[in-house]
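Engineer: Let me see the structure of the following:
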Amino acid sequence: MKLNFFRRIKIFYMRRTTIFKQLILNVVIPAVLALLIMGFFNYTQTKNNLIESINTKNKIISNEIFQFMEFQDVALNILEENLNVKMKDYSNRLVQDYFKSTKNIEYIDLEKIRLELGMDTLREDIYIINRDGVVVNTTFKKDLGLNFFSFGEDHKQMLLGIFEKGVFVNERFALESNTKRLKKYTYQPTIDGNYIIEIGIYSQRADEIIGFIKSTINKLTEDQSSILDFDLFIGKDNPFSLNKDVVLSSEERKILIERFEKQDSTSVVIRERNKKLSYDYMYMQRSNTDLYKGAVIRIISDRSGETILLRRELIKFILVFSLTLVVVIIMLYRKTKVITSPIKKLVDKVNRITNGHLNERAEVVGNNEITTLSQKFNNMIEELESYYNELEQKVKDRTAEVVRQKEEIEIKNKHITDSIRYAKRIQNAILPPENYVKQILPDSFIFYRPKDIVSGDFYWMIKKDNLAIYATVDCTGHGVPGAFMSIVGFNQLNYAIDVKKARTANEILDSLNEGVVETLREKNADSIGSVKDGMDITLCVIDYKNKKLQYAGANNPLILVRNNEVIQYKPDKFAIGGNFGNELPKFTNNEIDIQSGDIIYTFSDGYADQFGGGDGRKFMVKRFRELLLKIHKDPMEDQSHLLENILDEWRGHEEQVDDILVIGVKID
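Structural biologist: Down below sits the predicted model:
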């Protein structure tokens, strides 16, 4: 809450003056960042020191425990030297005298034999172990039926090695499985190799040594208030505590077995009853017996004090940080008020002047840089006021002129637009009406979409001598220039039919070409070489009665769809009205036999050149041919709607780039 309060104070003063804001940014914020970094470093260092201290303490304890264990090994080794001779004598007499024959060895009275050998019935026992590792006869009845192979793979391999080598093996002290007391064992196979004779002897002195070591270790950990518990675990396959009875959870048993296998150390932190407990597991390499190779020390430490200390450090840092921040802000505010107050007054005057009050002047007080600034500012405003008055008069005069010019432009623009709309009426007048189209081309459609008010694309048709003659024309450009060319083309096509009596497709185009070139030469008499006006055209002559089609083209192909197959007829690669010099080229006449069901498509390049598809690509001629093949079986009127819908979907938000004209004619 305190931090939020100081933050609000900072924001409040930052809003009041720009100077104060800059001081906050350049002085306070770097100081705050330095304090934060220092606090974070101090907190982290304290935490690391605490962890290092606890780890060092645990390491010292584990080293001392290891030394005690080494002392234990030395003391036990001295005891073993006194027992080795006696135990080897017992073993040799049993193998050579009592068990030369192992018949009925599993049922023989071992208590009687023990008395005959003079063995101590309270501390010294005889075991008979078969090849499966099972105790089949013993004076220690608790171990009867016990499977030694179940003690782990190491114990199993040791017994199998004794069977294989057939020699006497003298083991060091090991933990007895039932009583968890130290017991020294020897092993010797019978002469026939079917059994192992095991001798086990407890030692009161060994128990005293173990008791002393346990007591010393427990006292060692009791002196450390942060250490709640200490345990020494042995047994790689089935870990148990050497110094006390401990019930292990399945998770902790897994951790202990992992330490024996990896021979390393690990720590686990657990929160329990508002306490932070650290479980440290440290593996110690031992060299005692084959069954007692290593141990894992578990130290349970209470680290709640560590958390409390860290929390105190954090609170201390927050208090120091907050106090420092408040002091810095107060001092900064008091020291800068002398500077910011006159500057604020000057800013207020500037704001009023920017709102149109040019009669305002800055207050001139004192004798410093701000005083000089105020004087120069007043001089500047006086000049600005003079310039403003002059400019205001000029703007008024200029505004009247602009309004007059705007009105003139609007009038001229209306006249131009009206002229173009009238040109559209003229162009529409030259296009054949719908009923006339149905007379000449009964089963057909015309998809016609100009880019502008008037179009450079147009279609023309006429019927002469039982011949249906029609053309799809694409004039150079679009809009008004294209529309003018369409009038020229329309007149020359009629001239070719009515005056020159042309009836073949190529003759009509030759006549059209001559007329357009002559017209353009007259229009461009002074610059014939630069004439680029012209048109691309597809012209068809259909003889429905004899099923004949004549086609001639200037840059525009013809597509015929028959039996679900697209057939394309190529045009001549020159345009109508091109600059050919004195001798004009002749167009090719393509004669085609047509069949019922054939569909003839003629078109300008506007459809294929349209951009769209979501990524600004052209529709392209190939996709256009595939589209015609896809829709050719639909009724002709529906085909026009399909072309329109597909084009709109393709175009999306793109602008139409050219005039579009597609004509489809079906042969019945």
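Engineer: any idea which strand is longest in the protein?
Structural biologist: Assignment by DSSP state E gives strand 275-289 as the longest strand of the chain.
Engineer: Tell me the bridge partners for L467.
Structural biologist: Taking DSSP bridges as the rule, L467 bridges to K464.
Engineer: Wait, it touches L539, no?
Structural biologist: No - if you go by CB atoms under 8 Å, L467 and L539 don't touch, sitting 11.8 Å apart. Every C-beta, even on glycine, is put in place using the N, C-alpha and C of the backbone.
Engineer: Pop the domain breakdown of the protein in here.
Structural biologist: 1-336, 361-429, 431-666 (automatic domain parsing).
Engineer: Make TSV out of those domains and add mean neighbour count and distance to D348.
Structural biologist: Shown next, in TSV, are the domains of the chain (neighbours: other CB atoms under 10 Å; distance: least, CB to CB, whole Å):
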stretch	mean neighbour count	distance to D348
domain 1-336	15	11
domain 361-429	12	9
domain 431-666	18	50
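Engineer: Mean pLDDT and distance to N355 added to those, as JSON lines?
Structural biologist: JSON lines is the format used below for the domains of the chain (pLDDT from 0 to 100; distance: least, CB to CB, whole Å):
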{"stretch": "domain 1-336", "mean pLDDT": "78", "distance to N355": "19"}
{"stretch": "domain 361-429", "mean pLDDT": "69", "distance to N355": "13"}
{"stretch": "domain 431-666", "mean pLDDT": "90", "distance to N355": "43"}
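Engineer: Could you list every helix and strand that the longest helix anywhere in the chain packs against?
Structural biologist: Across the chain, the longest stretch assigned as helix under DSSP state H is helix 29-93. Packed against helix 29-93 by the contact rule (3 or more CB pairs under 8 Å, 6 or more residues apart in numbering; DSSP states H and E) you find strand 169-175, strand 182-189, strand 195-202, helix 204-222, strand 227-234, strand 275-289, strand 292-302, helix 304-354.
Engineer: Put together CSV for those, with distance to N104 on each row.
Structural biologist: Putting those into CSV (distance: least, CB to CB, whole Å) gives the following:
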stretch, distance to N104
strand 169-175, 25
strand 182-189, 18
strand 195-202, 12
helix 204-222, 34
strand 227-234, 38
strand 275-289, 32
strand 292-302, 35
helix 304-354, 65
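Engineer: what's the closest of these to N92?
Structural biologist: strand 182-189 (7.5 Å; CB to CB).
Engineer: Which strands or helices does the helix or strand harbouring L512 pack on?
Structural biologist: Counting by DSSP states H and E, the element that carries L512 is helix 505-523. Judged by 3+ CB pairs under 8 Å, 6+ apart, helix 505-523 is in contact with helix 479-498, strand 535-543, strand 548-554.
Engineer: Quick one: work out the angle between it and strand 548-554.
Structural biologist: Interaxial angle of helix 505-523 relative to strand 548-554 (axes from the mean of the first three to the mean of the last three CA atoms, to 10 degrees): 30 degrees.
Engineer: Numbering from 47 from now on, please.
Structural biologist: Sure thing, new numbering starts at 47, so read that last one as helix 551-569.
Engineer: Just give me how far helix 551-569 sits from the chain centre.
Structural biologist: On the basis of CA atoms, centre = their mean, to the nearest Å, helix 551-569 sits 65 Å off its chain's mean C-alpha point.
Engineer: and if you look at stretch 632-648?
Structural biologist: Distance, centroid of stretch 632-648 to centroid of chain: 58 Å (CA atoms, centre = their mean).
Engineer: which other residues reach that stretch?
Structural biologist: In this structure, residues lying in contact with stretch 632-648 by CB atoms under 8 Å, 6 or more residues apart in numbering are 516-518, 550-553, 555-556, 559, 584, 586, 588, 593-600, 602, 604-608, 615, 618, 674, 678, 708-714.
Engineer: Now for A121: which residues touch it?
Structural biologist: Here A121 is in contact with I255 (CB under 8 Å, 6+ apart).
Engineer: what residues are up against Y233?
Structural biologist: When contacts are counted by CB under 8 Å, 6+ apart, Y233 touches 205, 208, 214-215, 217, 242-244.
Engineer: how close does the nearest residue to it once chain neighbours are set aside get to Y231?
Structural biologist: In space, not counting the residues next to it along the chain, Y233 is nearest to V215; the distance is 4.5 Å by CB to CB, 6 or more residues apart in numbering. Using CB to CB, to the nearest Å, V215 is found at 9 Å from Y231.
Engineer: T400 is nearest to which of the domains of the chain?
Structural biologist: domain 407-475 (10.9 Å).
Engineer: hang on, the earlier thing: out of the contacts of Y233, who's nearest V374?
Structural biologist: Among the contacts of Y233, E217 lies closest to V374 (CB to CB), at 76.1 Å.
Engineer: Confirm for me that that closest one is in contact with K230.
Structural biologist: Yes - if you go by CB under 8 Å, E217 and K230 touch, sitting 6.8 Å apart.
Engineer: Can you tell me how far G212 is from T236?
Structural biologist: 9 Å.
Engineer: Check L192 too.
Structural biologist: 19 Å.
Engineer: for L371, same thing?
Structural biologist: Relative to T236, L371 is positioned 88 Å away (CB to CB).
Engineer: ditto for V366
Structural biologist: 82 Å.
Engineer: cool, G658 as well?
Structural biologist: G658 sits 99 Å away from T236, going by CB to CB.
Engineer: do the same with V293
Structural biologist: 40 Å.
Engineer: cool, and L707?
Structural biologist: Counting by CB to CB, the gap from L707 to T236 is 114 Å.
Engineer: cool, I83 as well?
Structural biologist: According to CB to CB, I83 and T236 sit 78 Å apart.
Engineer: now do L274
Structural biologist: L274 sits 51 Å away from T236, going by CB to CB.
Engineer: got it, and N601?
Structural biologist: 114 Å.
Engineer: got it, and F279?
Structural biologist: Going from F279 to T236 by CB to CB gives 36 Å.
Engineer: same thing with V182?
Structural biologist: In terms of CB to CB, V182 sits 12 Å off from T236.
Engineer: now swap in E170 and tell me
Structural biologist: The gap separating E170 from T236 is 20 Å, by CB to CB.
Engineer: cool, and L323?
Structural biologist: Per CB to CB, L323 is found 53 Å from T236.
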